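**Q** Sequence and predicted model, in that order:
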Amino acid sequence: MKAALWHNTRDIRVEEIAEPAVGRDQVKIQVAYCGICGSDLHEYVAGPIFIPVGEPHPISQDQAPIVMGHEYAGQVVAVGENVANVRVGDRVCVEPIYSCGTCAACRKGHYNVCEHLGFVGLSGGYGGFAEYSVVPEKMVHKIPDHMTWEQAALVEPAAVAVHAVRQSELRIGDSVAVFGTGPIGLLVIQAAKAAGASKIIAVEVSPERREFALQAGADLAIHPLETDAVQAIREETNGLGADVAFEVAGIEATINAAIEVTRSEGNVVNISIWEKTANIPLNQFILTERRMTSIIAYRNIFPQVIQLIANGQIQATQLVTKHIELDDIVSEGFEALTQSKSQIKILVKPNP
């Protein structure tokens, strides 16, 4: 079968590999769509970050080259003999977290902060940038019959946004600032709106992405190089600052602006995966009792996110700007995302 493998920085290759066989506790999926994630882009431009190089990941036992792709959905074509709740023909999406199940975090159900955290498609396994994927049954979630494959492929990134809003402790009527309106930032806007935010202000340099932010539900979209974002947000919040600020850009200037714009005792939520270390003003937290919440991925949330998308409360497919074939994943996918901010979410179709 065809699959896209990460070999090194800016070296992703579409190759023919052996089609995976299903194990006793596994499910084999014919992939319908797989989205290119910001994490995938980080690996392409500046990796390895999650990808194991030199020694295998402790759970997957794989190392580079890795079959990429972790935002995906498809139809079950085979199940292992121990699989009880999934059948051939089921339509499913994948929750791609590798967790050990035995560390302190896993034992209390917080498997997204497992000591050996990994992701199918980043840390090993058969990811979604392939004609077929094989995953443990526990990673598979059935989707409603009326849910489209495009919607199902976007459950994974939407889960990141919903988890971030939940962890932020956002309350109905709160004001929100979102710094960075790529795919996750746009989904945060939708999730915050669904959670009852009274005012949502987006901060984004790209004019195309500012327009996307307004379409996603932001009340105002600020260009931070033309307008003082901190002053503008304070003016929009009666001088107090935002109740919650989400940092989704991974840039030192934006995390510092997010801190400054958050009201006293407010919450700064970091979602970004950082390529470089950032310096932040700790006294801005101490003297105002602001909090910072950092989130990674999601936990115990996929069924609810599936319903939010299936019910139309989160319009995830608004983010899709292009559908491409697997053979074009580098030129029309990764390179397109690095070169143009007009591209938001690109979906890859591995099967003809």
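**A** Looks like it arrived, so ask away.

**Q** which ones are touching the closest residue to residue 348 other than its chain neighbours?
**A** Nearest residue to residue 348 in three dimensions, chain neighbours excluded: residue 34, at 5.0 Å (Cβ to Cβ, 6 or more residues apart in numbering). Just so you know, the C-beta spots here come from the backbone N, C-alpha and C atoms, and that holds for glycine as well. Contacts for residue 34 (Cβ atoms under 8 Å, 6 or more residues apart in numbering) come out as 69, 70, 71, 72, 127, 128, 129, 153, 347, 348, 350.

**Q** Same question for residue 342.
**A** With Cβ under 8 Å, 6+ apart, residue 342 has these contacts: 206, 208, 321.

**Q** Pretty sure the last one sits against residue 343.
**A** Yes: with contact defined as Cβ atoms under 8 Å, residue 321 and residue 343 form a contacting pair (5.1 Å).

**Q** ok, back up a step: can you add pLDDT and distance to residue 333 and give the contacts of residue 34 back as CSV?
**A** Shown next, in CSV, are the contacts of residue 34 (pLDDT from 0 to 100; distance: Cβ to Cβ, whole Å):
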residue, pLDDT, distance to residue 333
69, 98, 11
70, 98, 14
71, 98, 12
72, 98, 14
127, 98, 14
128, 98, 13
129, 98, 9
153, 98, 14
347, 98, 9
348, 98, 6
350, 97, 12
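
**Q** Out of those, which two sit at the greatest distance?
**A** 127 and 347 (14.4 Å; Cβ to Cβ).

**Q** Counting neighbours, go ahead and name the busier of these two.
**A** Between residue 127 and residue 347, residue 127 has the larger neighbour count (other Cβ atoms under 10 Å), namely 29 against 23.

**Q** that older thread, quick one: which of the contacts of residue 342 sit in strands?
**A** Counting by DSSP state E, the part of the contacts of residue 342 found in strands is residue 321.

**Q** For residue 232, state which of the contacts of residue 342 is nearest.
**A** residue 206 (17.4 Å).

**Q** Touching, the closest one and residue 341? I think so.
**A** Yes: between residue 206 and residue 341 a contact is recorded at 3.7 Å, counting by Cβ under 8 Å.

**Q** Find residues that contact each of these two.
**A** Counting by Cβ under 8 Å, 6+ apart, nothing touches both residue 206 and residue 341.
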